[in-house]
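Undergrad: here you go, sequence then predicted model.
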Amino acid sequence: MSSGSKAMELYQAGPLTVIGFYGRQILEGITPLDCRTELEAIISDHHCQTIAFDLTGIKLLPSGMLGLFASVKKTGIDILLYNSGREVREVLEVTKLDTMLELFEVDVTTG
């Protein structure tokens, strides 16, 4: 990633924080370290209690991202994953992270 660019898009900040990935399908060029650094700043700045990640359209999550989700969850912050596609859901099931993280499907189409 280029210096100064963000890995994650902050939709809403506060006790419930909602984060997306700019509509990417694959998180190429984004390292878990990039995300961890951004996430630590977001958590500190906004006193997050729950973080909801919008995974709409994402077909592949690097394993390091899965580890990041799990490590944040272990700090006591609730992690919600929205709209994980079939490929991502399969990985979550295989790794048993689907039992640790809360998964939701939300229709985000507009009428």
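TA: Cool, the structure landed.
Undergrad: now do the helix ranked longest in the chain, average pLDDT.
TA: Counting residues, the longest helix in the chain under DSSP state H turns out to be helix 32-46. Here helix 32-46 scores 91 as its mean pLDDT.
Undergrad: which of the residues in it are classified as buried?
TA: By neighbour count with 16 or more other CB atoms under 10 Å, helix 32-46 contains the buried residues Pro32, Asp34, Cys35, Arg36, Glu38, Leu39, Ile42, Ile43, His46. From N, CA and C alone the C-beta is placed, and that goes for glycine too.
Undergrad: that one - contacts with which helices or strands?
TA: Applying 3 or more CB pairs under 8 Å, 6 or more residues apart in numbering; DSSP states H and E, we find helix 32-46 packed against strand 16-20, strand 50-54, helix 63-74.
Undergrad: tabulate these in a markdown table, adding columns for distance to Thr99 and mean neighbour count.
TA: Rendered in a markdown table, the data for the helices and strands packed on helix 32-46 read as follows (distance: least, CB to CB, whole Å; neighbours: other CB atoms under 10 Å):
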| stretch | distance to Thr99 | mean neighbour count |
| --- | --- | --- |
| strand 16-20 | 22 | 18 |
| strand 50-54 | 17 | 20 |
| helix 63-74 | 11 | 16 |
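Undergrad: out of the ones you listed, which is closest to Asp107?
TA: Closest of the helices and strands packed on helix 32-46 to Asp107 is strand 50-54, at 12.8 Å (criterion: CB to CB).
Undergrad: the closest one to helix 32-46, inter-axis angle?
TA: Angle of strand 50-54 versus helix 32-46, following axes from the mean of the first three to the mean of the last three CA atoms, to 10 degrees, is 130 degrees.
Undergrad: which secondary structure elements does strand 50-54 contact?
TA: Using 3+ CB pairs under 8 Å, 6+ apart, strand 50-54 is in contact with strand 16-20, helix 32-46, strand 78-82.
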